[in-house]
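S.K.: fold the following and give me the result.
(chains A and B)
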Amino acid sequence: MRDLFLLGNGAGFSGDRVDAAIPVVRSLLRRGLPAAMFFECLAERTIALAQIEKRRDPEAGYEPMLERLLEPILTDCARAGIPILGNFGAANPPAAARCVARLARRLGLPGLRIGVITGDDVSTTVDLDALTPHEADAGFDMAEWRLVSANAYIGAAPLAEALARGAQVVVAGRTSDPSLAIAPLMHHFGWAEDDWQALALGAACGHLLECGSQVTGGVFWDPGFKDIPDPADIGFPIAEVGRDGSLVITKPEDTGGIVDLRVVKEQLLYELHDPAAYVTPDVVMDITGVTLAEQGRNRVALAGVRGHARPERLKVTACYEGSWLGEGEVSVAGPNALARARASADVLLERVRRRGLARRARADLIGVSAVHDSDDGALWRAYDGPEPPEIRIRLAVESTSRDDAEQAAREALAMLCCGAAGTSGARWRVSPRILTRSFLIPRERVPTEVTVREARAWN
Amino acid sequence: MELIEVPLHAVAHSRAGDKGNRLNLSLMPYDPALYPLLAEQVTEARVLALFRHRGATRCTRYDLPLIHAFNFVLDDALEGGVNGALNLDGHGKSHSFRLLALTVRVPAEAIRRRHPGY
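M.R.: Next up, the predicted model:
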């Protein structure tokens, strides 16, 4: 019999559907093959927000939905020997491990082995100014910004080590997303750390699965053009990986969604730049020779992925806080809505300018042009199409102080009395802004530590 | 052969992704037979022009003929990206449909097979 390993995904981002893993695990149990589950919960800035939480409460700063995600599947996975991996540790992997341990004890699994990976947080151990800058958000004036977090994207090796030491749940912070998929494959098939061809297969598997439903119909469906069964119950993906280098993407039976050539192509190219060089800490993946084939319903096979030697340096993403985002919205509707909306946008911008509340301000006419527009409103100012029945006017500012951002946002509220005829429905909010910069660091400067203990011993 | 002008959306699909201030847009024709025609008409210059108003500085197209796909990478198209932008869509994920609004000239029969309304 072929040596097949099944890999299921239960979340593609922090905020994903919390019940997604249940049918995936049910499917893995039914098939009875060696398997693992992974959860990807950590976008670039999520870790900074988690760090701010941890500052407020030393036991916080990990994925807030962790317990809700794991509770329905933990017992089944533990009994069936299906390890669970995730970057749900965010800024505080040890606290996340304690959370999993409490859950395990409550479920009657005090012997559950929980592994924790630390070392990705380099905020106190590395002088960022001495590193090679990689990329930065636009409009950065470093003098005004305070460092919140700095984390290196670590690879699959420490995760695989935790599995080798018997971990049934592996809690990580910042890892590269595909590494969460590579690690259980590395562990199962015994791949060497320099087997670039094998690791590239793992990277392809991770890349396709790391965004959960995006490879099974999420952000894909387009009524009348790309219809999928039951978008309210999209089955999350399962990969079948063979020792012979085969890879098939599928999903649980009895779920909605779709796995076909179209959706797999979309996800293969998602967030990808040069198709010949997709860089992960474990391997550089080249998809220029990839071919895809449908193998029956909801099954797509991928072949031809190539691997090249991993980079010598790891990426570090640093997050900074320092300014505030203020947003306010009001609506207009009915005859002459377009003229009232345009004038309202200009009045809001003028109020912010006269009061000196913002470093940067923009107005959107939602229903005319917003998400495709520019800060100067080039598209809505030039719009000469039909009159929309309703328009929502949005003001957004970046301010140096929270108070200025709030005052600017409240200008939308004031339009309820001072605005154009028929202005209604004001909402406003203020939130902290996080900007990021990335650097490259020699990998030997990011030592990682793996700790594996039973649930009863995590206190 | 009769050619008609249609939005890309009638003949192709796309997904947007981001990394910092850089946007990538995949583009795949539903019918692989249209791949050469899209290669000819959906040029780097035309795609860059779609994002000029947002300050995009460069567009690179990578061709993946084995899977009948293109990958467009646009530098500086996201007004600072998910963290820096004041835009509601800081990730730029809606931009796949800005690309799909671009028009192309395709054989009428190719389009009428899929969408009899054209």
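
S.K.: going by C-alpha atoms from here, please, whenever you check contacts or count neighbours.
M.R.: Noted.

S.K.: what residue is smack in the middle of chain B?
M.R.: Geometric centre of chain B, nearest residue: B:Leu99, 3.6 Å, by C-alpha atoms, centre = their mean.

S.K.: helices of chain B, start to end?
M.R.: B:35-41, B:44-50, B:81-84, B:96-99, B:108-114 (DSSP state H).

S.K.: is it true that A:Ala90 touches A:Met65?
M.R.: No: assessed by C-alpha atoms under 8 Å, A:Ala90 is found out of contact with A:Met65, at 11.8 Å.

S.K.: neighbour count for those two, which is higher?
M.R.: Using other C-alpha atoms under 10 Å in any protein chain shown, the more surrounded residue of A:Ala90 and A:Met65 is A:Ala90, with 32 against 14.

S.K.: state the helix or strand in which that one lies.
M.R.: Assessed by DSSP states H and E, A:Ala90 sits outside every helix and strand.

S.K.: now it. Nearest residue, chain neighbours left out?
M.R.: A:Gly173 (4.3 Å; C-alpha to C-alpha, 6 or more residues apart in numbering or on different chains).

S.K.: verify the contact between that neighbour and A:Ala91 for me.
M.R.: Yes: taking C-alpha under 8 Å as the definition, A:Gly173 is a contact partner of A:Ala91 at 6.2 Å.

S.K.: at the contact with chain B, which residues of chain A appear?
M.R.: A:45, A:135-139, A:220, A:262, A:265-267, A:269-275, A:288-292, A:325, A:361-362, A:370-375, A:378, A:396-398, A:433-436 (C-alpha under 8 Å from any C-alpha of the partner chain).

S.K.: now, those that are in strands?
M.R.: A:135-136, A:291-292, A:325, A:361-362, A:396-398, A:433-436 (DSSP state E).

S.K.: scan those residues and report the most crowded one.
M.R.: A:Ala396 (29 neighbours).

S.K.: ok, that residue - contacts?
M.R.: Residues counted as contacts of A:Ala396 (C-alpha atoms under 8 Å, 6 or more residues apart in numbering or on different chains) are A:325-328, A:361-363, A:409, B:86-87.

S.K.: near chain A, which residues of chain B? Just list them.
M.R.: B:14-21, B:23-26, B:28, B:30, B:53-54, B:62, B:64, B:66-67, B:69, B:71-73, B:79-81, B:83-84, B:86-89, B:92, B:94-95, B:98.

S.K.: filter those to the buried ones?
M.R.: Neighbour counting over the residues of chain B next to chain A (16 or more other C-alpha atoms under 10 Å in any protein chain shown) leaves B:14-21, B:23-26, B:28, B:30, B:53-54, B:62, B:64, B:67, B:69, B:71-73, B:79-81, B:83-84, B:86-89, B:92, B:95, B:98 as the buried ones.

S.K.: can you list the weak-confidence ranges in chain B?
M.R.: In the predicted model of chain B, residues B:116-118 satisfy pLDDT under 70.

S.K.: give the contact list for whichever residue of chain B sits closest to chain A.
M.R.: Using C-alpha to the nearest C-alpha, the single residue of chain B nearest to chain A is B:Gly17, 4.3 Å away. Residues near B:Gly17 by C-alpha under 8 Å, 6+ apart: A:270-272, B:23-25, B:91-93.

S.K.: got it, and A:Leu199?
M.R.: A:Leu199 makes contacts with A:182, A:186, A:191, A:193, A:282-283, A:307, as judged by C-alpha under 8 Å, 6+ apart.

S.K.: what about the helix or strand hosting it, distance to the chain center?
M.R.: A:Leu199 belongs to helix A:196-209 when assigned by DSSP H and E. In terms of C-alpha atoms, centre = their mean, to the nearest Å, the centre of helix A:196-209 is found 18 Å from the chain centre.

S.K.: got the CA positions of that helix in CSV?
M.R.: Extracted C-alpha coordinates of helix A:196-209, given in CSV (Å, rounded to 0.1, in the frame of the first residue of the first chain):
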residue,chain,number,x,y,z
TRP,A,196,14.9,20.5,-1.0
GLN,A,197,12.7,18.5,-3.3
ALA,A,198,10.7,17.0,-0.5
LEU,A,199,10.5,20.2,1.5
ALA,A,200,9.2,22.0,-1.6
LEU,A,201,6.4,19.5,-1.8
GLY,A,202,5.7,20.3,1.9
ALA,A,203,5.9,24.1,1.1
ALA,A,204,3.4,23.7,-1.7
CYS,A,205,1.1,21.8,0.6
GLY,A,206,1.4,24.4,3.3
HIS,A,207,1.0,27.3,0.8
LEU,A,208,-2.2,25.8,-0.6
LEU,A,209,-3.7,24.9,2.8
